[in-house]
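Novice: Prediction below, plus the sequence it came from.
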Amino acid sequence: MSSEREKWDERYRGADAAEAAPARVLEDFAHLLPAAGAALDVACGLGGNALYLAARGLAVSAWDVSPVAIAKLEAEAGRRGLAVTAAVRDLTAAPPAPASVDVVVVARYLERALVPALLAALRPAGLLFYQTFISDKVDPHGPPDGPYRLAPNELLQLCAPLRILAYRDEGRVGDLGRGFRNEAMLVGQKVE
């Protein structure tokens, strides 16, 4: 665990939380967000998603393994006057409680064994916004080939219990210079 934490601390040390942007899945489908409620930004990094959700009026918790990222997120949230409850947390050891949030956002993080706990964390009619890397990539952006990349349609399979509201996984089909490449995105709703 400490080597993983050190890796992410090093990556975030020179980064600026003010430049952290929300994931495209969250921006593209923001119109589906509830007007109020509790949201969780999983593996939040510098908190682009958390800051975006807090600015929209949601009560946001943001968790990451990196104390460096969490400190920078807290400082940026304070600078913007946004309420974000940020915490250093190993999600695999301490996943969210069942039925505890209305929105879960996961961006560029893949821990397949955690997905059932994330789905269980949603309250009835809760929404999951998920975006991460795929194996059918057009360039080397993102993690190396292996366990941190989704197989074609794998995100659909992982989130099968949800009502799927939006999904993109374009891979290497068609004009590779256009479209949404290298990642899959999904928005799903927990059926009551």
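Specialist: Done, it's in. Residues are numbered from 1 along each chain as shown.
Novice: Tell me where this protein has strands.
Specialist: Taking DSSP state E to define them, one finds strands in the chain at 38-42, 59-64, 84-88, 101-107, 122-133, 163-168, 183-189.
Novice: Which one of those strands lies nearest to Lys7?
Specialist: strand 59-64 (12.3 Å; C-beta to C-beta). To be clear about C-beta, it is placed using only N, CA and C from the backbone, and glycine gets the same treatment.
Novice: For that closest one, buried residues please.
Specialist: Using 16 or more other C-beta atoms under 10 Å as the test for burial, strand 59-64 gives 59-64.
Novice: Also stretch 46-55?
Specialist: 46-54.
Novice: Okay, and which of those map to helices?
Specialist: The helices, defined by DSSP state H, take in 48-54 from these.
Novice: quick one on the thing from earlier: of all the buried residues of strand 59-64, which comes closest to Ala93?
Specialist: Using C-beta to C-beta, Trp63 is the member of these that lies nearest Ala93, at 11.3 Å.
Novice: and Glu27, how far is that from Ala151?
Specialist: Using C-beta to C-beta, to the nearest Å, Glu27 is found at 26 Å from Ala151.
Novice: I misspoke; the intended subject was Pro161.
Specialist: Here the criterion is C-beta to C-beta. By it, Pro161 lies 19 Å from Ala151.
Novice: Pull the contacting residues for the residue nearest the centre of the chain.
Specialist: Among the residues of the chain, the one closest to the centroid is Val106, at 1.7 Å (C-alpha atoms, centre = their mean). Going by C-beta atoms under 8 Å, 6 or more residues apart in numbering, Val106 touches 42-43, 118, 128-132.
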